[in-house]
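Visitor: have a look; sequence and predicted model below, questions after that.
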Amino acid sequence: MSMILLDSDDIAHVVLTIATPNALCNILRTHRNVENVRQYLQDNASDAQQAIEEYVRERLIDLKPQVYFPHEPAFCALAVALETLPMPVAEDFLSQLAALKIAEMPISPRVAAICLDRRKSLLISYTIKQFKSRLMTMDYTSSPRRLSVIHTGSTDLNTRPRIQAHSTYNRDAA
Amino acid sequence: MLEIARLIGTRPSRFILQTRERNYVANSQSCEPDERTRNLYQAFRRPHPLWKNRKDACGVYNCAGLVWANRRTSIYDEKEYTKILHDDGYRFISTEKELQPSDIVIYLRRTSDNSRDTLHVGIVLCLDRVGATIVSWVLSKWHDQYGEDIHHVNDVPEYFGDYLTEFYRP
């Protein structure tokens, strides 16, 4: 039931009026229907893949050459709904849509590309946050590697095997 | 998942479009609307009884294509709008009082990181002076699938939200 919310006239009007994909993404992110679908997919993660694939397949039946794809607004909204969901099917849909270059769907690939970018930046900031929190909890004084640096004045880099012993860089020639 | 779309769909046709500085402007012509989209356009106009319809729902060009490409193609990307404003020597107009016909209006929103989100672009068509008040009428093409309407500068779709307007003179 919930995925059908993306087919609403309200979403279609938003997609068919806003000029730039960036502005469109920002408006759709706070749209009630998009939030509801995102929540629905998150709550039903085990069935999400099947639900998304079915939803997309059923709508693609209406794709006709040289005519605007009537479900493009719904695909834009679906891309934004999937933007932050940690599911392989979300990644698949976004990357396939972003790579699509057809005249019948001019906006949704641009929206998907923005969603993919945001997804990557969110992942990076989350990873940095995790990394920082691990550093905070790590007890440095008890680390043997750290102590060896203090006592010997050398780092463990000195003891690692070298892949290449001699430089191929020819200083004279340069 | 979208393999069938890639097989059925047609290649978007692009138009040779350059700024005065001969920089290429990315664009593509959109397809004609289907029956559902045409009906949606009629529903979209209903809450705005003062709008005067100039053209029914059609494809090919969007609002930016109407303003900057003579209804020949659609321009979608924000950075292209900035490029055109810069390269074509558009002058910023600070108040609505100074407006003249053929000036352009940009509807935009500021994002949390203070970047621009352009919602829509239109052409100032005429100005009605009622006493000290100036009423500006704007010609708009609503995206690349809806039609053209003449409307008051502030009579716009409600989901524009807390929009700002900027005026420029070519």
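Guide: Looks like it arrived, so ask away.
Visitor: for stretch A:89-99, buried residues please.
Guide: Residues A:89-90, A:92-94, A:96-98 are the ones in stretch A:89-99 that count as buried (16 or more other Cβ atoms under 10 Å in any protein chain shown). C-beta coordinates here come from the backbone N, C-alpha and C atoms, glycine included.
Visitor: so residue A:74 touches residue A:58, yeah?
Guide: No: counting by Cβ atoms under 8 Å, residue A:58 is not a contact partner of residue A:74; they are 10.6 Å apart.
Visitor: the residue of chain B found nearest chain A and residue B:16, how far apart?
Guide: Closest contact between chain B and chain A, by Cβ to the nearest Cβ, is at residue B:9 (2.8 Å). Distance, residue B:9 to residue B:16, using Cβ to Cβ, to the nearest Å: 23 Å.
Visitor: what of residue B:151?
Guide: 32 Å.
Visitor: do the same with residue B:70
Guide: As judged by Cβ to Cβ, residue B:70 and residue B:16 stand 13 Å apart.
Visitor: helices of the chain, residue ranges please.
Guide: With no chain named, the answer covers chain A. A:9-15, A:21-29, A:32-43, A:45-60, A:72-82, A:88-98, A:108-137, A:144-152 (DSSP state H).
Visitor: try chain B instead
Guide: B:3-8, B:35-45, B:63-68, B:78-87.
Visitor: most tightly packed of the ones you listed?
Guide: Sort those by mean neighbour count, taking mean count of other Cβ atoms under 10 Å in any protein chain shown, and helix B:63-68 sits at the top with a mean of 26.
Visitor: is chain A contacted by that one?
Guide: Yes: Helix B:63-68 lies within reach of chain A by Cβ under 8 Å from any Cβ of the partner chain, at B:63-64.
Visitor: output the contacting helices and strands for that helix.
Guide: Where contact means 3 or more Cβ pairs under 8 Å, 6 or more residues apart in numbering or on different chains; DSSP states H and E, helix B:63-68 is packed against helix B:78-87, strand B:116-130, strand B:133-141.
Visitor: most centrally placed residue in chain A?
Guide: Using Cα atoms, centre = their mean, the residue of chain A that lies closest to the mean C-alpha position is residue A:119, 2.8 Å off.
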